[in-house]
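Asks: Whatever this is, show me its structure:
(one chain, ligands or ions: 1)
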Amino acid sequence: MMRGERRAVIRGTGSSLPDKVLTNLELERMVDTSDDWITSRTGIRERRVARENEYMSQFATRAAERALESAGLPASGVDLIVCATVTPDMPIPATACIVQNNLGAAGAAAFDLAAGCSGFIYALAVAERFVAAGDYRAVLVIGAELLSKFTDYRDRTTCVLFGDGAGAVLLTPGEAPYGVLATEMHADGSMADFIYVPAGGTREPASELTVAERRHYIRMRGNETFKMAVRSMEESSRAVLQKAGLTPADVNLFLPHQANRRIIDAVGTRLGLRENQVYINIERVGNTSAASIPVALDEAVRQGLVRRGDNLLFAAFGTGLTWGAAVCKWGS
Ligand code: UT7
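Replies: I've put the predicted structure just below:
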């Protein structure tokens, strides 16, 4: 949706990754795979994974603290926290409430939003409307995921892909031309079984049998998801740019969901983007689901790759299936 004068601008960014590294060579010792297969088919060389005693809210909190620090805003000034995740600390309460308490953001509204790897796009789209409408003045949008806790390290088709981490942005009101210019959200539940965790919900509550059958881990139809990902990310990118009155040629930096290097390259090529217009960190972090775009953004900002006035394009797809895109003019 195009906005009038008041827009949500990204005032600060932050991220947090586990310090533990899981390399392709280590995976070679766990499942029937090879560094060569993983690198050539996915672009991933290593990923960060949480330790046994670490959990999602710790990383989400650290990412949020860093976003607040970079914006120069105390936690007491936050009035809404949206946490995009499908790997919460526990089924209830929402991890956003735990993060609110950790931050000391007393009084802030807080909720989780589940859209898989598209979670950050969905959360940004929701949050920016609250800011643009004048309802909230400081909104933390967090994408945080510990997929390793739901990964079957006996399943070579999934375990080589996923990594853990958290990223956050702080949205505040700002003036045109800066801020979130347009967003796109889509879903098609007929492909719900492309990426799913069969057990642990109300349909198949956790039991000794579901654990024995490893039904509490992620299952994925990778090849079909791959094709859908390329198509959906290209289409939603084009649509969101059109809404904002831009073309791919106006994009200074494309920050796509980091699921597979081949997907990123295919979308970049279809959009006609040059290599230096696309931010890629998948070789170091793997697929961190909802965290991948805000982590990439925080890295790009801290590396000085993002300048005032730059048009940033975000695009993602994931379980649901869901997909979407957002475009933002950097600065305030
Ligand atoms: O964020 C959204 C989450 N989902 C995704 O990102 C999934 C997107 N999909 C992909 O990234 C790719 O489809 C994969 C990386 C998952 C798989 O790559 P692919 O080129 O689509 O391979 P494939 O599934 O067609 O499998 C090709 C072969 C199969 O062997 P056969 O049947 O040809 O003998 C697989 O069993 O590769 C085999 N294979 C592996 N071999 C070594 C699958 N995983 C591995 C592995 N190591 N880790």
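
Asks: the helices in the stretch 201-332 of the chain, which residues?
Replies: For the stretch 201-332 of the chain, applying DSSP state H, counting those that start in this stretch gives helices covering 208-212, 222-243, 261-270, 282-285, 292-302.

Asks: repeat for the stretch 51-200 of the chain
Replies: Using DSSP H, counting those that start in this stretch, helices in the stretch 51-200 of the chain cover 56-71, 95-103, 119-132, 156-159.

Asks: Test my guess that V251 contacts N276.
Replies: No: in this structure, V251 is not within contact of N276 by Cβ atoms under 8 Å, at 11.5 Å. Backbone N, C-alpha and C define where each C-beta goes, glycine included.

Asks: Compare these two (neighbour count), which wins?
Replies: Between V251 and N276, counted using other Cβ atoms under 10 Å, the more crowded position is V251 (21 against 9).

Asks: Please report the distance of the more buried one from the ligand.
Replies: Taking Cβ to the nearest ligand atom, to the nearest Å as the measure, V251 falls 21 Å from the ligand.

Asks: between the helices of the stretch 51-200 of the chain, which one is nearest to A229?
Replies: Among those, helix 119-132 comes nearest to A229, with 13.4 Å by Cβ to Cβ.

Asks: Which single residue in the stretch 101-250 of the chain comes nearest to the ligand?
Replies: The minimum distance from the stretch 101-250 of the chain to the ligand, using Cβ to the nearest ligand atom, falls at G222 (2.8 Å).

Asks: how about the nearest residue to that residue, chain neighbours excluded?
Replies: What sits nearest to G222 in space, not counting adjacent residues and going by Cβ to Cβ, 6 or more residues apart in numbering, is T157, at 5.8 Å.

Asks: right, and the one you found touches I218 too?
Replies: No: counting by Cβ under 8 Å, T157 does not reach I218; the two are 10.0 Å apart.

Asks: okay, the two: which has more neighbours?
Replies: Between T157 and I218, counted using other Cβ under 10 Å, I218 has the larger neighbour count: 21 against 14.

Asks: what residues does this structure put near the ligand?
Replies: Neighbours of the ligand within the chain, by Cβ under 6 Å from any ligand atom: 33, 37-38, 41-42, 117, 156-157, 160, 195, 220, 222-223, 225-226, 229, 259-260, 287, 318.

Asks: Where does pLDDT dip in the stretch 51-200 of the chain?
Replies: Along the stretch 51-200 of the chain, segments meeting pLDDT under 70 are nowhere present.

Asks: contacting residues around the residue lying closest to S292 once chain neighbours are set aside?
Replies: If the residues on either side of it in the chain are set aside, S292 comes closest to Q258, at 4.5 Å by Cβ to Cβ, 6+ apart. Q258 makes contacts with 264, 280-282, 285-288, 292, 296, as judged by Cβ atoms under 8 Å, 6 or more residues apart in numbering.

Asks: Count residues in the vicinity of the residue of the stretch 101-250 of the chain closest to the ligand, would you?
Replies: Counted with other Cβ under 10 Å, residues neighbouring G222 total 16.

Asks: Assess the claim that it and C159 are in contact.
Replies: No: judged on Cβ under 8 Å, G222 makes no contact with C159 at a distance of 11.9 Å.

Asks: Now for T42, how many residues are close by?
Replies: Count around T42 with other Cβ under 10 Å applied: 22.
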